[in-house]
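Chemist: build the 3D model from these lines:
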Amino acid sequence: MPASDTSALKDEEVGYVLLEQIVTMFQEMAATGTGGREKVDSALSGLMADARQALSEKKIDSIFFYRFNRLLMIIKLTIVEDENGILKPLIESEIERFVLDKTGEKINPQEGSIGTVAQAVAEGIIDLHLYLRTKPERQKIMQDMEKNAEENNKKS
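Modeler: Sure thing, here's the model as predicted:
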């Protein structure tokens, strides 16, 4: 999946397009039975290039970029070749922390982890959708919370 041109998109659309590209990549691989490490790695590189371009054009903010980058990093860690196990502690630690953050559950090594990691990635995509969807209201929510806190402090 080559890097796409995000410059023609409205600012609020770019984040959604980046997320859709992840979903589409996995759907295509599942439907065709193709993929593999090289295809996924190439797709992830394209997505990262798109995200960097969007960030530099201020079409996504740094919060979205960081969270999107973490999502790509976790996907990449699940496919990295580590024949000698040199990176195993690092990979397992990062993936376990991500799964716990997104699902509230620890990975059970006896059950295998690919399904659990896939669920956590799906949760990460949903979280980013919700971030984008609620971004316009966040300032008002913060102001309401501050106002409520002030009122509660006056009552004390």
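
Chemist: rest of the way, CA atoms for contacts and neighbours
Modeler: OK.

Chemist: so residue 84, which of the three states?
Modeler: coil (DSSP: H, G, I helix; E, B strand; the rest coil).

Chemist: counting neighbours, what do you get for it?
Modeler: 7 (other Cα atoms under 10 Å).

Chemist: report the buried residues of stretch 54-67.
Modeler: For stretch 54-67, the neighbour count (16 or more other Cα atoms under 10 Å) marks 54-55, 59-60, 64-65 as buried.

Chemist: count the neighbours of residue 127 for me.
Modeler: Residue 127: 14 neighbours (other Cα under 10 Å).

Chemist: check contacts around it.
Modeler: For residue 127, no contacting residues are found, by Cα atoms under 8 Å, 6 or more residues apart in numbering.

Chemist: lowest-scoring secondary structure element of this protein by mean pLDDT?
Modeler: Sorted by mean pLDDT, DSSP states H and E, the helices and strands of the chain end with helix 11-32, the least confident at a mean of 86.

Chemist: beyond that one, next helix or strand please.
Modeler: helix 36-56 (DSSP states H and E).

Chemist: other residues contacting the next helix-or-strand element following that following helix?
Modeler: Counting by DSSP H and E, the next helix or strand C-terminal to helix 36-56 is helix 62-79. By Cα under 8 Å, 6+ apart, the surrounding residues in contact with helix 62-79 are 15, 37, 41, 44, 48, 51-52, 55, 91, 94-95, 98, 121, 124-125, 128, 131.
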